[in-house]
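Undergrad: Here's my sequence, what's the structure:
(one chain, ligands or ions: 2)
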Amino acid sequence: MRRSLAAAAGALLAGAVLVALLVLAGNTPAAATDAAALTPSERAAILALGPWPPAPVRDAANPASGSPEGIAFGEALFHSPRLSPTGLRCASCHEPWRHFADGRVVAQGVAAGSRNTPSLLDAARHRRYGWDGARDQLWQQSLRPLQDPREMPADAAQVAALIRSDAALSARHARIFGAPPGTDDERVLREVGLALSAYVETLATPRAPFDDWRDRLAGAGIEPATSDAFPAAARRGLRLFVGRAGCSACHAGPTLGDDAFHVSLVHSMTAPGVLDPGHAGEPANRFRTPGLRDVAATGPWFHDGSAARLCDAVQPHAADPGLEPPLLTALERRDLVAFLRTLSADPPADESSRACD
Ligand code: HEC
Ligand code: HEC
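TA: Ligands and ions are numbered 1, 2, ... in the order given. From the prediction side, this is the model:
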């Protein structure tokens, strides 16, 4: 009798210790059921978000691509205040220390724009550029701001005159493209775009805690433990991401972006009373799925910068015709944010990328 009482007390104590441990680990009993092993399909979906980094991107049609001299020329142009008569540089909006974005709601060139400045990290991994994916060549996109009257307006003649008139720039141009800048302004402008894109190709996000966890899952076969860098909340968020929340239907592959267009639930104006049409054609308001690597560091979010917190961007925001995005609870959104933060090597500490109610 005494022995069974002692055993019952022992079992109670063990139960209490288990509950205390779960509480300490920040797990609610409901979350504890999420600790179940990954299913084979979850595992496959998680492995498809890597490996990282992939092989470097090279453009065989671009003589500057992959050439140290071409990349250095592109970098110099990227930082030069002389490309634009206004003194605006590419780096004025794509600031290296801000992960090549600018932290503003919408871009501020010579006039206010209507779209948020995207980070250029991993841009070369995409096949479509701009929020609406209007361009499919990186060098063309690299010239777009030079031609946009609201950004850093310059025309081909001005850019070509700069390269021709500066002996150092002209000599660098000749070494890369095989001949000094000729009299064809459009051609010189295109070559400037090629040099800029050779530099942009080299901008890549480093490996992040998610990648270490994913690679251990791929290698060992048994699921790696969670850690400070990849906490239990991130694991729950990841399972939602590839599961019920349906995120990986669009945020697919190692960049977590499919380069396809989806109807956005975010509507914005390009001018008072004028809706941003998004990608050309029907249905309206389609935008390209952005990649999510390092996303915690590049707020505010969405094409119009309307999500001030990463948590707000995790609300249903895109759908394909006939498909309703699932509603998410506050706890689920918090877990998704915890997962998204593991896509940054060094996730920012500020509240906008952490707070979630
Ligand atoms: C006034 C701010 C501003 C300046 C200056 C600027 N950009 Fe941008 N950049 C943007 C904005 C805003 C977008 C998104 C455009 C859109 O969706 O219509 C963008 C998009 C891009 C993209 C596409 C990224 C992607 O993932 O789709 C590239 C590449 C790029 N810029 C390169 C450059 C280069 C090179 C320069 C200098 C010649 C430059 N930018 C100057 C604001 C700027
Ligand atoms: C139907 C396709 C689709 C699904 C499903 C989807 N997204 Fe998106 N996502 C997009 C598109 C398109 C945008 C750009 C929307 C815009 O700016 O108007 C976007 C933007 C984002 C952004 C902002 C990125 C930035 O740089 O500003 C985040 C964060 C994000 N999605 C996370 C998620 C998460 C988490 C889920 C799952 C809960 C999810 N998405 C589900 C297509 C999708």
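Undergrad: can you tell me which residues contact residue 292?
TA: 251, 255, 256, 257, 340, 343 (C-beta atoms under 8 Å, 6 or more residues apart in numbering). Quick note: C-beta positions are derived from backbone N, CA and C, even for glycine.
Undergrad: Out of those residues, flag the one nearest to ligand 1.
TA: The nearest member of the contacts of residue 292 to ligand 1, counting by C-beta to the nearest ligand atom, is residue 257 at 8.8 Å.
Undergrad: Now do that closest one against ligand 2, distance only.
TA: Separation of residue 257 from ligand 2 (C-beta to the nearest ligand atom, to the nearest Å): 8 Å.
Undergrad: what about the helices in the stretch 101-250 of the chain?
TA: 138-147, 156-165, 167-177, 185-200, 209-220, 232-242 (DSSP state H, counting those that start in this stretch).
Undergrad: Where among the ones you listed is average confidence lowest?
TA: Note on these: helix 138-147 shows the lowest mean pLDDT, a mean of 87.
Undergrad: which helices and strands does it pack with?
TA: helix 90-93, helix 185-200 (3 or more C-beta pairs under 8 Å, 6 or more residues apart in numbering; DSSP states H and E).
Undergrad: got the CA coordinates for it in CSV?
TA: In CSV, the C-alpha atoms belonging to helix 138-147 read as follows (Å, rounded to 0.1, in the frame of the first residue of the first chain):
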residue,chain,number,x,y,z
LEU,A,138,18.8,42.3,-64.2
TRP,A,139,20.8,44.8,-66.4
GLN,A,140,17.5,46.3,-67.6
GLN,A,141,16.2,46.7,-64.1
SER,A,142,19.5,48.2,-63.0
LEU,A,143,18.9,51.1,-65.5
ARG,A,144,15.2,51.6,-64.7
PRO,A,145,15.9,54.1,-61.8
LEU,A,146,18.1,56.2,-64.1
GLN,A,147,15.2,56.6,-66.4
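Undergrad: ok, back up a step: can I get the contacts of residue 292 in JSON lines including distance to residue 116, neighbour count and secondary structure?
TA: As requested, the contacts of residue 292 are exported to JSON lines (distance: C-beta to C-beta, whole Å; neighbours: other C-beta atoms under 10 Å; DSSP: H, G, I helix; E, B strand; the rest coil):
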{"residue": "251", "distance to residue 116": "17", "neighbour count": "21", "secondary structure": "coil"}
{"residue": "255", "distance to residue 116": "18", "neighbour count": "21", "secondary structure": "coil"}
{"residue": "256", "distance to residue 116": "18", "neighbour count": "23", "secondary structure": "coil"}
{"residue": "257", "distance to residue 116": "15", "neighbour count": "21", "secondary structure": "coil"}
{"residue": "340", "distance to residue 116": "17", "neighbour count": "28", "secondary structure": "helix"}
{"residue": "343", "distance to residue 116": "18", "neighbour count": "23", "secondary structure": "coil"}
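Undergrad: And the residues you listed, which is closest to residue 109?
TA: For the contacts of residue 292, the minimum distance to residue 109 (C-beta to C-beta) is 25.0 Å, reached by residue 257.
Undergrad: What sits closest to the closest one if chain neighbours are left out?
TA: residue 291 (3.6 Å; C-beta to C-beta, 6 or more residues apart in numbering).
Undergrad: Could you tell me how far that neighbour is located from ligand 2?
TA: From residue 291 to ligand 2 the distance is 8 Å (C-beta to the nearest ligand atom).
Undergrad: could you point out where this structure is predicted with low confidence?
TA: Low-confidence segments of the chain (pLDDT under 70): 1-34, 221.
Undergrad: the strands in it, which residues?
TA: For the chain, applying DSSP state E gives strands covering 261-264, 269-271, 274-275, 286-288, 318-319.
Undergrad: and among the ones you listed, the most buried is which?
TA: strand 286-288 (a mean of 23; mean count of other C-beta atoms under 10 Å).
Undergrad: which residues are contacting that one?
TA: With C-beta under 8 Å, 6+ apart as the criterion, strand 286-288 contacts 126, 128, 130-133, 257, 259-264, 266, 278-279, 303, 318.
Undergrad: Nearest to ligand 1, out of the strands of the chain?
TA: strand 286-288 (7.2 Å).
Undergrad: OK, contacts around residue 319?
TA: Contact analysis of residue 319 by C-beta under 8 Å, 6+ apart lists 262, 263, 265, 325.
Undergrad: how many neighbours does the closest residue to residue 175 other than its chain neighbours have?
TA: Residue nearest to residue 175 in three dimensions, not counting chain neighbours: residue 69, with 5.9 Å by C-beta to C-beta, 6+ apart. Using other C-beta atoms under 10 Å, residue 69 has 14 other residues around it.
Undergrad: Centre of the chain to stretch 105-112, how far?
TA: Mean-position distance between stretch 105-112 and its chain equals 20 Å (C-alpha atoms, centre = their mean, to the nearest Å).
Undergrad: got it, and stretch 156-170?
TA: Taking mean C-alpha positions (C-alpha atoms, centre = their mean), stretch 156-170 and its chain are 34 Å apart.
Undergrad: Could you export the strands of the chain as JSON lines, including distance to residue 49?
TA: Listed next are the strands of the chain as JSON lines, based on distance: least, C-beta to C-beta, whole Å:
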{"stretch": "strand 261-264", "distance to residue 49": "18"}
{"stretch": "strand 269-271", "distance to residue 49": "33"}
{"stretch": "strand 274-275", "distance to residue 49": "33"}
{"stretch": "strand 286-288", "distance to residue 49": "18"}
{"stretch": "strand 318-319", "distance to residue 49": "18"}
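Undergrad: Among these, which comes closest to residue 122?
TA: That would be strand 286-288 among these, by C-beta to C-beta, at 13.4 Å.
Undergrad: just to revisit the earlier point, the residue nearest to residue 257 and residue 273: what is the separation?
TA: 32 Å (C-beta to C-beta, to the nearest Å).
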